[in-house]
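> I need the structure of the sequence given here:
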Amino acid sequence: MPTELDPLERHPKAVGPGEQMRMHNSTCFGCGEQSPAGLRLKMFAGDDFFVTATMEVESRFEGGPGVIHGGILSTAFDDVMGMAPLLIGPSAVTVHLEVDYRRPIPIGSTLQFRADIMGRQRRKVYTEAIAHIGDPDDPVATAHAIFVTIRAREHFAAHVENSQLSDDDKRRLRAP
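Got it, this is the predicted structure:
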């Protein structure tokens, strides 16, 4: 992370502390309510520049015998950390994601996440996160990521027709 960072300010349209954050989109694998096989993460804004989430580790997320698949955990981290930039501005996409797996996470456990914005430099937003099972001082995994802010309509314009979004949602994305 660079040493010269821009000051952080909460975006005037960001949800308030303790409020549930909006989905990336309704069919997002991480947070979408209409993603049939998705994680359906519900995320909440913190008082400052952080986001929290909880996830039940269901049997359908199994990788090794009786434990979560690392890719599922990576996806959850990506989605939770990807929500944090909305506290300070427009949508952002992942350009770098690094996950450190500390120990196996059993199926049937409840993971709790906290993602913090560590800083911003122009369009880049630096985040870090932890996942734990009940004790934030004893994480089962940690992650770091860099996101770049985007203009969502322009960024996704060439791909919106491939989406599972409703026709109305697709029209909204195409509208100027």
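> please count neighbours and contacts with C-alpha atoms only from this point.
OK.
> would you map the strands across the protein?
For the chain, the strands defined by DSSP state E occupy 42-45, 50-56, 92-101, 110-121, 124-132, 141-149.
> any idea of the angle the third one forms with strand 124-132?
Our comparison of strand 92-101 with strand 124-132, counting by axes from the mean of the first three to the mean of the last three CA atoms, to 10 degrees, yields an angle of 40 degrees.
> the last one now?
Orientation of strand 141-149 against strand 124-132 (the same axes, to 10 degrees) gives an angle of 160 degrees.
> helices or strands up against strand 141-149?
Applying 3 or more CA pairs under 8 Å, 6 or more residues apart in numbering; DSSP states H and E, we find strand 141-149 packed against helix 70-83, strand 92-101, strand 124-132.
> please redo it, this time with the cut-off set to 10 Å
Contacting strand 141-149 under the criterion 3 or more CA pairs under 10 Å, 6 or more residues apart in numbering; DSSP states H and E are the following elements: helix 70-83, strand 92-101, strand 110-121, strand 124-132.
> among these, which is the most enclosed?
Of all these, strand 124-132 has the most neighbours on average by mean count of other CA atoms under 10 Å, namely a mean of 24.
> distance from the chain centre to that one, please.
Remark: strand 124-132 is offset 9 Å from the chain centroid, using CA atoms, centre = their mean, to the nearest Å.
> ok, it: who's next to it in the sheet?
Partners of strand 124-132 in the sheet, by DSSP bridges, are strand 110-121 (antiparallel), strand 141-149 (antiparallel).
> among the ones you listed, which is nearest S74?
strand 141-149 (8.4 Å; CA to CA).
> mind checking how far that closest one is from the chain centre?
On CA atoms, centre = their mean, the centre of strand 141-149 falls 9 Å from that of its chain.
> again with stretch 68-80
Centroid displacement of stretch 68-80 relative to its chain, using CA atoms, centre = their mean, is 9 Å.
> okay, and the helix or strand of this protein with the least pLDDT?
helix 152-156 (a mean of 53; mean pLDDT, DSSP states H and E).
> could you list the low-confidence segments of this structure?
Low-confidence segments of the chain (pLDDT under 70): 24, 151-176.
> pretty sure R122 is touching V148, no?
Yes. With contacts counted by CA atoms under 10 Å, R122 reaches V148, the gap being 8.9 Å.
> what about these two, which has more around it?
When neighbours are counted by other CA atoms under 10 Å, R122 and V148 differ, and V148 comes out ahead with 20 against 9.
> quick one: R122 and M81, what's the gap?
Distance of R122 to M81, given as CA to CA, to the nearest Å: 18 Å.
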